[in-house]
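Build me a structure from this.
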Amino acid sequence: MDIYKTPDANTQKPQRQLKPINAIAYGLLVSIVLTLIVSFVEGIVFGIIIAITQGVEYITEDFMARNAVFLFIDLLVTSACLFYAGKITGRYAPQQELKFGLIVAVITLVIYWLVYSFLGSDKVNYPIWYEIASFAVIFIAILLGAKSVKSAENQQ
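Numbering: from 1, shown residues only. Alright, predicted model coming up:
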């Protein structure tokens, strides 16, 4: 070490490594499993609140499908879960956050559509605004979550 020279400073932060399998797997895990669990718990809590405040006789098979407050809260909670899925995906896909966010969004859309087609459409008739919003929020929230990781990195 030469005492007459300035020390070398490593000012560059280490680059994160691209892990495409992890990005897709963890993004799907959050977007599918977490969203289903949270929606299930949300439905139970909402049912209990309605049963306590209005009585059990008001809860019918399609009660929640006709309740705009429940549907709006469900969209918000689902959006938050999907946004988090986009953030997880973006963390494992540096420099390609939106690409892998789009992949996760498409796979999530296919899985949601399959579940909706085979399990949900025969039993309950949701309003058309809710059906459109529930499928649109998949792309919007996941891509916004992935983009937030990209913009957070650019600010640092």
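
Count residues in the vicinity of Leu28, would you?
Neighbours of Leu28 under the rule other Cβ atoms under 10 Å: 18. (Glycine included, C-beta is placed from N, CA and C.)

Which residues lie in contact with it in this structure?
Counting by Cβ atoms under 8 Å, 6 or more residues apart in numbering, Leu28 touches Ala85, Val104, Ile107, Thr108, Ile111.

let's see it at 10 Å
By Cβ atoms under 10 Å, 6 or more residues apart in numbering, the residues touching Leu28 are Ala85, Ile88, Thr89, Ile103, Val104, Ile107, Thr108, Ile111.

quick one: buried residues of the helix or strand containing it?
In the assignment (DSSP states H and E), Leu28 maps to helix 20-28. By neighbour count on 16 or more other Cβ atoms under 10 Å, the buried set for helix 20-28 is Asn22, Ala23, Ile24, Tyr26, Gly27, Leu28.

I'd like those residues written out as CSV, with pLDDT added.
Shown next, in CSV, are those (pLDDT from 0 to 100):
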residue, pLDDT
Asn22, 91
Ala23, 91
Ile24, 93
Tyr26, 94
Gly27, 94
Leu28, 94
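
Can you tell me which of those is closest to Ile142?
Using Cβ to Cβ, Gly27 comes nearest to Ile142 of the buried residues of helix 20-28, at 7.4 Å.

Just to check, that closest one is in contact with Ile111?
No. Here Gly27 does not reach Ile111: they are 12.0 Å apart, not a contact under Cβ atoms under 10 Å.

packing partners for the least confident helix or strand in the chain by mean pLDDT?
Every helix and strand of the chain was ranked by mean pLDDT, DSSP states H and E. The lowest is helix 63-66, at a mean of 75. Applying 3 or more Cβ pairs under 10 Å, 6 or more residues apart in numbering; DSSP states H and E, one finds that helix 63-66 contacts helix 35-54, helix 68-91.

State the mean pLDDT of stretch 146-156.
For stretch 146-156, mean pLDDT rounds to 76.

re earlier: and Ile138, which of the helices and strands packed on helix 63-66 is closest to it?
Closest of those to Ile138 is helix 68-91, at 6.1 Å (criterion: Cβ to Cβ).

ok, back up a step: can you show me the CA trace of the least confident helix or strand of the chain as CSV?
Provided in CSV are the C-alpha atoms of helix 63-66 (Å, rounded to 0.1, in the frame of the first residue of the first chain):
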residue,chain,number,x,y,z
PHE,A,63,-75.1,-12.9,-1.0
MET,A,64,-71.5,-11.9,-1.3
ALA,A,65,-71.7,-11.8,-5.1
ARG,A,66,-74.4,-9.1,-4.8
